[in-house]
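In: build me a structure from this.
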Amino acid sequence: MKETIRKHIISWIEENIYSLANIDDLTKVLGYSRRTIETWFKQQYGQSLGDYILKRRICRAAVLIRMTSLPITEIAYLFHYQSSQGFARAFKKFTGLSPTDYRRSDVWEFDKLQPSLLLKDVQLPEVELCTITREFAYNHTVTVHDHIFEPAVSDVTKSIKKLLLDSEEVIKELAISAKHSALLSKGRESIVDVDISWATSTKSAATESTHLFSGNYAKMNFEGDWDTYGAFSKIVYMLIMTRYKLKLRHEIHLMKLNFYSEERVNFSIFIPVM
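Out: Have a look, this model is predicted:
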(Lines give C-alpha, C1' and ligand atoms only; values in the text may rest on other atoms or scores of the structure.)
Protein backbone atom coordinates (compact mmCIF):
# COMPACT_ATOMS: atom_id res chain seq x y z
CA MET A 1 0.00 0.00 0.00
CA LYS A 2 1.34 3.42 -0.91
CA GLU A 3 2.25 5.53 2.11
CA THR A 4 0.03 8.44 1.08
CA ILE A 5 -2.98 6.14 0.65
CA ARG A 6 -2.28 4.37 3.94
CA LYS A 7 -2.20 7.63 5.87
CA HIS A 8 -5.25 8.93 4.06
CA ILE A 9 -7.29 5.86 5.03
CA ILE A 10 -6.28 6.05 8.70
CA SER A 11 -6.83 9.82 8.84
CA TRP A 12 -10.23 9.45 7.16
CA ILE A 13 -11.29 6.96 9.83
CA GLU A 14 -10.30 9.35 12.64
CA GLU A 15 -12.09 12.26 10.98
CA ASN A 16 -15.27 10.19 10.56
CA ILE A 17 -15.22 8.39 13.90
CA TYR A 18 -18.58 9.89 14.92
CA SER A 19 -20.18 9.76 11.49
CA LEU A 20 -22.22 7.16 9.63
CA ALA A 21 -19.61 7.08 6.87
CA ASN A 22 -18.62 3.56 5.86
CA ILE A 23 -16.13 1.78 3.63
CA ASP A 24 -18.20 2.53 0.51
CA ASP A 25 -17.89 6.25 1.27
CA LEU A 26 -14.13 5.81 1.61
CA THR A 27 -13.89 4.11 -1.79
CA LYS A 28 -15.56 7.14 -3.40
CA VAL A 29 -12.95 9.42 -1.85
CA LEU A 30 -9.99 7.25 -2.90
CA GLY A 31 -11.25 6.12 -6.30
CA TYR A 32 -10.32 2.46 -5.71
CA SER A 33 -12.64 -0.51 -5.42
CA ARG A 34 -13.74 -1.69 -2.00
CA ARG A 35 -12.07 -5.06 -2.52
CA THR A 36 -8.76 -3.41 -3.42
CA ILE A 37 -8.79 -1.16 -0.35
CA GLU A 38 -9.77 -4.00 2.00
CA THR A 39 -7.07 -6.25 0.56
CA TRP A 40 -4.41 -3.56 0.96
CA PHE A 41 -5.47 -2.87 4.54
CA LYS A 42 -5.50 -6.54 5.55
CA GLN A 43 -2.05 -7.10 4.04
CA GLN A 44 -0.64 -4.02 5.79
CA TYR A 45 -2.16 -4.43 9.25
CA GLY A 46 -3.31 -8.03 9.59
CA GLN A 47 -6.92 -7.11 10.36
CA SER A 48 -9.93 -6.23 8.28
CA LEU A 49 -10.75 -2.59 7.60
CA GLY A 50 -14.28 -3.05 8.94
CA ASP A 51 -13.00 -4.52 12.22
CA TYR A 52 -10.53 -1.66 12.65
CA ILE A 53 -13.22 0.99 12.13
CA LEU A 54 -15.43 -0.72 14.72
CA LYS A 55 -12.53 -1.03 17.19
CA ARG A 56 -11.64 2.65 16.86
CA ARG A 57 -15.24 3.71 17.49
CA ILE A 58 -15.59 1.40 20.51
CA CYS A 59 -12.22 2.66 21.79
CA ARG A 60 -13.40 6.28 21.57
CA ALA A 61 -16.64 5.31 23.29
CA ALA A 62 -14.65 3.54 26.04
CA VAL A 63 -12.69 6.72 26.78
CA LEU A 64 -15.89 8.76 26.97
CA ILE A 65 -17.50 6.18 29.27
CA ARG A 66 -14.49 5.97 31.55
CA MET A 67 -13.43 9.61 31.74
CA THR A 68 -16.71 11.52 31.54
CA SER A 69 -20.15 11.57 33.09
CA LEU A 70 -21.85 11.73 29.71
CA PRO A 71 -24.98 9.55 29.88
CA ILE A 72 -24.59 6.17 28.19
CA THR A 73 -27.61 7.00 26.03
CA GLU A 74 -25.86 10.15 24.78
CA ILE A 75 -22.69 8.22 23.96
CA ALA A 76 -24.77 5.61 22.10
CA TYR A 77 -26.39 8.44 20.14
CA LEU A 78 -22.98 9.92 19.27
CA PHE A 79 -22.12 6.65 17.54
CA HIS A 80 -25.53 6.41 15.83
CA TYR A 81 -26.89 3.41 17.71
CA GLN A 82 -30.67 3.31 17.61
CA SER A 83 -30.84 2.32 21.26
CA SER A 84 -28.58 2.23 24.31
CA GLN A 85 -29.28 -1.50 24.53
CA GLY A 86 -27.85 -2.09 21.05
CA PHE A 87 -24.79 -0.04 21.94
CA ALA A 88 -24.38 -1.94 25.22
CA ARG A 89 -24.44 -5.28 23.40
CA ALA A 90 -21.78 -4.15 20.90
CA PHE A 91 -19.64 -2.64 23.66
CA LYS A 92 -19.80 -5.74 25.86
CA LYS A 93 -18.96 -8.02 22.93
CA PHE A 94 -15.76 -6.05 22.39
CA THR A 95 -14.69 -5.28 25.97
CA GLY A 96 -16.35 -8.05 27.98
CA LEU A 97 -18.13 -5.50 30.19
CA SER A 98 -21.33 -3.52 29.94
CA PRO A 99 -20.86 0.26 29.62
CA THR A 100 -22.08 0.72 33.21
CA ASP A 101 -19.68 -1.89 34.62
CA TYR A 102 -16.85 -0.45 32.53
CA ARG A 103 -17.47 3.00 34.04
CA ARG A 104 -17.67 1.71 37.61
CA SER A 105 -14.64 -0.59 37.58
CA ASP A 106 -11.84 0.36 40.00
CA VAL A 107 -9.25 -0.60 37.37
CA TRP A 108 -9.13 0.55 33.75
CA GLU A 109 -7.76 -2.18 31.49
CA PHE A 110 -6.37 -1.08 28.12
CA ASP A 111 -5.46 -4.42 26.52
CA LYS A 112 -8.57 -4.58 24.31
CA LEU A 113 -8.51 -0.98 23.14
CA GLN A 114 -7.29 -0.05 19.66
CA PRO A 115 -5.03 3.03 19.38
CA SER A 116 -5.02 4.88 16.09
CA LEU A 117 -2.71 3.31 13.52
CA LEU A 118 -1.55 6.84 12.75
CA LEU A 119 0.66 6.28 15.82
CA LYS A 120 2.07 2.99 14.55
CA ASP A 121 5.56 4.40 14.04
CA VAL A 122 5.61 6.83 16.97
CA GLN A 123 8.69 6.46 19.14
CA LEU A 124 7.49 5.94 22.68
CA PRO A 125 9.28 7.11 25.81
CA GLU A 126 10.73 4.41 28.00
CA VAL A 127 8.47 3.15 30.76
CA GLU A 128 9.94 2.33 34.16
CA LEU A 129 7.84 0.46 36.70
CA CYS A 130 8.46 1.58 40.27
CA THR A 131 6.91 1.63 43.72
CA ILE A 132 6.13 4.81 45.65
CA THR A 133 5.06 5.29 49.25
CA ARG A 134 4.95 8.94 50.32
CA GLU A 135 2.76 11.83 51.32
CA PHE A 136 2.32 14.83 49.06
CA ALA A 137 1.68 18.03 51.01
CA TYR A 138 -0.10 20.86 49.21
CA ASN A 139 -1.74 24.18 50.01
CA HIS A 140 -3.22 25.07 46.62
CA THR A 141 -5.80 23.24 44.50
CA VAL A 142 -7.53 24.36 41.36
CA THR A 143 -10.08 22.57 39.16
CA VAL A 144 -9.63 23.09 35.43
CA HIS A 145 -11.59 21.78 32.47
CA ASP A 146 -10.67 19.57 29.57
CA HIS A 147 -12.51 18.41 26.47
CA ILE A 148 -10.22 15.37 25.87
CA PHE A 149 -10.67 15.25 22.08
CA GLU A 150 -11.02 18.97 21.26
CA PRO A 151 -8.06 20.86 22.79
CA ALA A 152 -9.09 24.04 20.97
CA VAL A 153 -12.24 24.05 23.12
CA SER A 154 -10.66 23.43 26.52
CA ASP A 155 -7.29 21.87 27.28
CA VAL A 156 -5.71 20.94 30.61
CA THR A 157 -2.20 21.32 29.13
CA LYS A 158 -2.75 25.03 28.57
CA SER A 159 -4.09 25.36 32.12
CA ILE A 160 -1.01 23.65 33.58
CA LYS A 161 1.29 25.90 31.56
CA LYS A 162 -0.50 29.06 32.73
CA LEU A 163 -0.50 27.85 36.34
CA LEU A 164 3.25 27.24 36.30
CA LEU A 165 4.21 30.47 34.54
CA ASP A 166 1.92 32.62 36.67
CA SER A 167 3.29 31.25 39.94
CA GLU A 168 5.56 33.55 41.93
CA GLU A 169 7.53 30.51 43.06
CA VAL A 170 9.08 27.64 41.10
CA ILE A 171 6.74 24.67 41.39
CA LYS A 172 8.48 21.31 41.72
CA GLU A 173 5.58 18.87 41.77
CA LEU A 174 1.92 18.64 40.80
CA ALA A 175 -0.70 16.11 41.86
CA ILE A 176 -3.16 15.63 39.00
CA SER A 177 -6.49 13.86 39.13
CA ALA A 178 -9.17 13.68 36.45
CA LYS A 179 -12.77 13.27 37.50
CA HIS A 180 -16.23 13.31 35.98
CA SER A 181 -17.51 16.82 35.45
CA ALA A 182 -20.17 17.56 38.05
CA LEU A 183 -21.98 20.02 35.78
CA LEU A 184 -21.89 19.22 32.08
CA SER A 185 -22.48 22.35 30.03
CA LYS A 186 -25.22 22.20 27.44
CA GLY A 187 -22.70 22.70 24.64
CA ARG A 188 -20.24 20.19 26.15
CA GLU A 189 -17.40 22.73 26.07
CA SER A 190 -15.73 20.71 28.82
CA ILE A 191 -16.51 17.11 29.68
CA VAL A 192 -13.77 16.32 32.21
CA ASP A 193 -12.72 18.17 35.34
CA VAL A 194 -9.08 17.95 36.45
CA ASP A 195 -7.96 18.75 40.00
CA ILE A 196 -4.40 20.08 40.22
CA SER A 197 -2.69 20.46 43.61
CA TRP A 198 0.69 21.96 44.47
CA ALA A 199 2.63 23.48 47.34
CA THR A 200 4.26 26.86 47.82
CA SER A 201 5.82 28.50 50.84
CA THR A 202 3.53 31.50 50.46
CA LYS A 203 1.23 31.92 53.43
CA SER A 204 -2.37 31.84 52.34
CA ALA A 205 -5.82 31.10 53.67
CA ALA A 206 -5.61 27.60 52.26
CA THR A 207 -5.04 24.89 54.85
CA GLU A 208 -2.26 22.45 54.09
CA SER A 209 -3.53 19.02 53.10
CA THR A 210 -1.93 15.80 51.89
CA HIS A 211 -2.36 13.18 49.20
CA LEU A 212 -0.99 9.68 49.75
CA PHE A 213 0.91 8.07 46.89
CA SER A 214 1.25 4.35 47.46
CA GLY A 215 1.74 1.29 45.28
CA ASN A 216 2.97 0.62 41.75
CA TYR A 217 3.54 3.38 39.22
CA ALA A 218 4.63 3.60 35.59
CA LYS A 219 7.19 6.40 35.25
CA MET A 220 7.68 8.21 31.94
CA ASN A 221 9.88 11.18 31.12
CA PHE A 222 9.07 13.97 28.69
CA GLU A 223 11.08 16.89 27.32
CA GLY A 224 9.87 19.18 24.56
CA ASP A 225 7.65 22.09 23.65
CA TRP A 226 4.20 22.57 25.14
CA ASP A 227 2.31 21.68 21.97
CA THR A 228 4.11 18.35 21.78
CA TYR A 229 3.30 17.76 25.44
CA GLY A 230 -0.37 18.32 24.59
CA ALA A 231 -0.19 15.48 22.07
CA PHE A 232 1.80 13.36 24.53
CA SER A 233 -0.81 13.72 27.25
CA LYS A 234 -3.77 13.00 24.97
CA ILE A 235 -2.54 10.48 22.42
CA VAL A 236 0.75 8.88 23.37
CA TYR A 237 -0.57 8.20 26.86
CA MET A 238 -3.25 5.90 25.43
CA LEU A 239 -0.76 4.25 23.09
CA ILE A 240 1.62 3.50 25.95
CA MET A 241 -1.10 2.04 28.14
CA THR A 242 -2.33 -0.28 25.39
CA ARG A 243 1.10 -1.30 24.11
CA TYR A 244 2.41 -2.19 27.56
CA LYS A 245 -0.97 -3.68 28.59
CA LEU A 246 -1.01 -1.61 31.77
CA LYS A 247 -3.98 -1.47 34.14
CA LEU A 248 -4.72 2.00 35.42
CA ARG A 249 -5.72 2.52 39.05
CA HIS A 250 -8.26 5.29 39.56
CA GLU A 251 -5.88 7.36 41.68
CA ILE A 252 -3.86 10.56 41.49
CA HIS A 253 -0.96 11.06 39.07
CA LEU A 254 2.29 12.65 40.25
CA MET A 255 4.12 15.09 37.98
CA LYS A 256 7.72 15.98 38.90
CA LEU A 257 8.88 19.11 37.08
CA ASN A 258 12.54 19.35 36.18
CA PHE A 259 12.32 22.53 34.09
CA TYR A 260 9.70 24.73 32.45
CA SER A 261 9.61 27.98 30.50
CA GLU A 262 7.31 29.79 28.09
CA GLU A 263 8.45 27.48 25.28
CA ARG A 264 9.43 24.13 26.83
CA VAL A 265 8.80 21.72 29.67
CA ASN A 266 10.73 18.79 31.15
CA PHE A 267 9.03 16.46 33.61
CA SER A 268 8.51 12.92 34.86
CA ILE A 269 4.97 11.59 35.20
CA PHE A 270 4.10 8.76 37.59
CA ILE A 271 0.96 6.87 36.55
CA PRO A 272 -0.78 4.63 39.14
CA VAL A 273 -0.97 1.08 37.75
CA MET A 274 -1.63 -2.42 39.02
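In: skipping adjacent residues, who's closest to residue 50 in space?
Out: Once flanking residues are discounted, residue 50 sits nearest to residue 23: 6.5 Å by CB to CB, 6 or more residues apart in numbering. (Each C-beta comes from the backbone N, C-alpha and C, glycine too.)
In: now do the helices in the stretch 101-250 of the chain.
Out: 156-166, 226-231, 237-243 (DSSP state H, counting those that start in this stretch).
In: for the record, mean pLDDT for stretch 130-149?
Out: Regarding stretch 130-149, the rounded mean pLDDT is 88.
In: now do stretch 79-94
Out: Throughout stretch 79-94, pLDDT has a mean value of 93.
In: buried residues of that stretch, list them for me.
Out: 79, 81, 84, 87, 88, 90, 91, 94 (16 or more other CB atoms under 10 Å).
In: could you look up the SS state of the second one?
Out: So that's residue 81. Under the three-state scheme (DSSP: H, G, I helix; E, B strand; the rest coil), residue 81 adopts coil.
In: and the strands in the stretch 1-150 of the chain?
Out: With DSSP state E, counting those that start in this stretch, the ranges of strands along the stretch 1-150 of the chain come out as 107-109, 128-138, 140-146.
In: partner strands of the second one, parallel or antiparallel?
Out: Strand pairing for strand 128-138, using DSSP bridges, gives strand 209-225 (antiparallel).
In: if we can go back for a sec, nearest to residue 215, out of the helices of the stretch 101-250 of the chain?
Out: Ranking the helices of the stretch 101-250 of the chain by proximity to residue 215 (CB to CB) places helix 237-243 first, at 16.5 Å.
In: next one: that closest one to chain centre, how far?
Out: 9 Å (CA atoms, centre = their mean, to the nearest Å).
In: residue 108 and residue 250 touch, don't they?
Out: Yes: if you go by CB atoms under 8 Å, residue 108 and residue 250 touch, sitting 7.0 Å apart.
In: mind checking which of the two has more residues around it?
Out: Of the pair residue 108 and residue 250, residue 108 is the one with more neighbours under other CB atoms under 10 Å, namely 20 against 13.
In: pLDDT score for that one?
Out: Note on residue 108: pLDDT of 91.
In: please apply the same query to the one 10 residues further on.
Out: In the predicted model, residue 118 carries a pLDDT score of 80.
In: burial measure for residue 2, as a count.
Out: Residues within reach of residue 2, counting by other CB under 10 Å, total 8.
In: hmm, I typed the wrong one, I wanted residue 60.
Out: Neighbour count of residue 60, defined by other CB under 10 Å: 21.
In: that one contacts residue 17, doesn't it?
Out: Yes: using CB under 8 Å, residue 60 and residue 17 qualify as a contacting pair, with a distance of 5.5 Å.
In: center of the protein, which residue is that?
Out: Closest residue to the average C-alpha location of the chain: residue 234 at 4.5 Å, with CA atoms, centre = their mean.
In: quick one: that one from residue 245, how far?
Out: Distance of residue 234 to residue 245, computed by CB to CB, to the nearest Å: 20 Å.
In: do residue 216 as well
Out: On the measure of CB to CB, residue 216 and residue 245 end up 14 Å apart.
In: looking at those two, which is more packed in?
Out: residue 216 (16 against 10).
In: about what we covered before: can you tell me which of the helices of the stretch 101-250 of the chain is most buried?
Out: Among those, the stretch with the highest mean neighbour count (mean count of other CB atoms under 10 Å) is helix 237-243, at a mean of 18.
In: shaky segments in the chain?
Out: The chain contains residues with pLDDT under 70 at 1, 148-154, 181-191, 203-207.
In: coming back round to it: tabulate the helices of the stretch 101-250 of the chain (a markdown table), appending distance to residue 134.
Out: Rendered in a markdown table, the data for the helices of the stretch 101-250 of the chain read as follows (distance: least, CB to CB, whole Å):
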| stretch | distance to residue 134 |
| --- | --- |
| helix 156-166 | 22 |
| helix 226-231 | 25 |
| helix 237-243 | 23 |
